[in-house]
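# Just need the structure, nothing else, for what follows:
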Amino acid sequence: MEARLSLGGKIAVVTGAASGIGRAAAQLLCTLGARVVFLDRDAAGLAVAVGECADFAGAALSFELDLSDHRAIETVFAQIVEVCGGIDILVNSAAMNVSGASVDYDLETWQRVLDVNLTGLFLTSRLSARSMIAREVGGAIVNVASVGGLSAGITGRGNANPSYRASKGGVVNLTRALAVEWAAKGIRVNAVAPGYVRTPMVARLTNDPVKEAAAAEKVPLGRFAEPEEIGWVIAFLAGEGASMVTGQTIPVDGGLLA
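Residues are numbered from 1 along each chain as shown. Now for the predicted structure:
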């Protein structure tokens, strides 16, 4: 049983690893024995996140990367393969969210959100899959989607963020498509769909006790999730315990979608 939980000897790459869910997932994979590559555009946050892994079972290293820079993605992933020898696990956690009414939404902002949340995720997935296929070892990809990609009304009518919801809906369907396409190569592709999670992305809620309480009332479990609670589900999907799970999006939402 312990062997199925261990990630010893695995090379894991995590985007958005300087904060929030990505940071929690990357550090958890490191505690489970993986050699983890932390990726983020926040260099200072990366240094702190990697430094906190010094006493963990695995090892940690980092590269600065902005997922809207698609050429940089190819360069960094080539460096990862050269340094680490390949990729076994990919966690796509990096994302951005810019709210705004659809009738007035800026098209440049729309495109940037999709570039990071969907196109960047596709490129990191494709590059990781190439490494997995070349080594003939299979692998696991876990995407961080959102309940907003599964239900437009789940967080209420006043929460307008069309680009974020469109991108996360795309992540859900891309997860299915890649899972089917790459199954014969031994690559599993799954996603988690968090609800309200205590991360910098929702600071506008967590910094205001009244707003946080109002949001938490919508959750059957009555509270926001901690990033580590999402991280544990990601770790499960990345490991051998989920060897027969692919093409699925797992809500980790305290019952929001129930």
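# and the nearest residue to residue 57 once chain neighbours are set aside, what are its phi and psi?
The shortest distance from residue 57 to any non-neighbouring residue, by Cβ to Cβ, 6 or more residues apart in numbering, is to residue 33 (4.5 Å). For glycine as for every other residue, the C-beta is placed from the backbone atoms N, C-alpha and C. Main-chain torsions, residue 33, degrees, to the nearest 10: phi 110, psi 0.
# What residues does residue 33 make contact with?
Contact analysis of residue 33 by Cβ atoms under 8 Å, 6 or more residues apart in numbering lists 6-10, 57-58.
# What of residue 81?
Going by Cβ under 8 Å, 6+ apart, residue 81 touches 87, 131.
# just use 49 as the starting number from now, easier for me
From this message on, residue numbering opens at 49, which makes the last subject residue 129.
# tell me which element residue 60 falls in.
Secondary structure assigned from DSSP states H and E places residue 60 in strand 59-63.
# So in that sheet, which strands flank that strand, and in what orientation?
Sheet pairing of strand 59-63 (DSSP bridges) gives strand 83-88 (parallel), strand 137-140 (parallel).
# Centre of the chain to the longest one, how far?
Spelled out, that is strand 83-88. Centroid displacement of strand 83-88 relative to its chain, using Cα atoms, centre = their mean, to the nearest Å, is 12 Å.
# contacts for whatever helix or strand comes next after it?
Toward the C-terminal end, the helix or strand that comes next after strand 83-88 (DSSP H and E) is helix 91-99. Helix 91-99 is contacted from outside by 65-67, 71, 74-75, 86-88, 108-110, 112, using Cβ under 8 Å, 6+ apart.
# In ChimeraX, how would I select just the buried ones from those residues?
With 16 or more other Cβ atoms under 10 Å as the criterion, this ChimeraX line picks the buried residues out of those:
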select :65,66,67,71,74,75,86,87,88,108,110
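# could the contacts of helix 91-99 be laid out in TSV, adding secondary structure, distance to residue 263 and pLDDT?
Putting the contacts of helix 91-99 into TSV (DSSP: H, G, I helix; E, B strand; the rest coil; distance: Cβ to Cβ, whole Å; pLDDT from 0 to 100) gives the following:
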residue	secondary structure	distance to residue 263	pLDDT
65	coil	25	97
66	coil	24	96
67	coil	20	95
71	helix	22	96
74	helix	26	97
75	helix	26	96
86	strand	29	97
87	strand	29	98
88	strand	26	97
108	strand	33	87
109	strand	36	92
110	strand	32	95
112	strand	32	96
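# can you pull out the strands in the stretch 149-298 of the chain?
Listed in chain order, the strands of the stretch 149-298 of the chain (DSSP state E, counting those that start in this stretch) span 187-192, 235-242, 297-300.
# Turn those strands into a markdown table, columns for distance to residue 229.
Below are the strands of the stretch 149-298 of the chain laid out as a markdown table (distance: least, Cβ to Cβ, whole Å):
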| stretch | distance to residue 229 |
| --- | --- |
| strand 187-192 | 12 |
| strand 235-242 | 9 |
| strand 297-300 | 16 |
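# Go ahead and measure how far whichever strand or helix holds residue 73 is from the middle of the chain.
Residue 73 is located in helix 68-79, with elements delineated by DSSP H and E. Relative to the chain's own centre, helix 68-79 is displaced by 10 Å; criterion: Cα atoms, centre = their mean.
# I'd like to know which elements that helix is packed against.
strand 59-63, strand 83-88, helix 91-99, strand 107-112, strand 137-140, strand 187-192, helix 275-286 (3 or more Cβ pairs under 8 Å, 6 or more residues apart in numbering; DSSP states H and E).
# Can I get the shortest one in PDB, CA atoms only?
Yep, that's strand 137-140 we're talking about. What follows is strand 137-140, C-alpha atoms only, in PDB (Å, rounded to 0.1, in the frame of the first residue of the first chain):
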ATOM      1  CA  ILE A 137       4.000  13.700 -13.700                       C
ATOM      2  CA  LEU A 138       2.600  17.100 -14.800                       C
ATOM      3  CA  VAL A 139       0.300  19.200 -12.700                       C
ATOM      4  CA  ASN A 140      -1.200  22.200 -14.500                       C
END
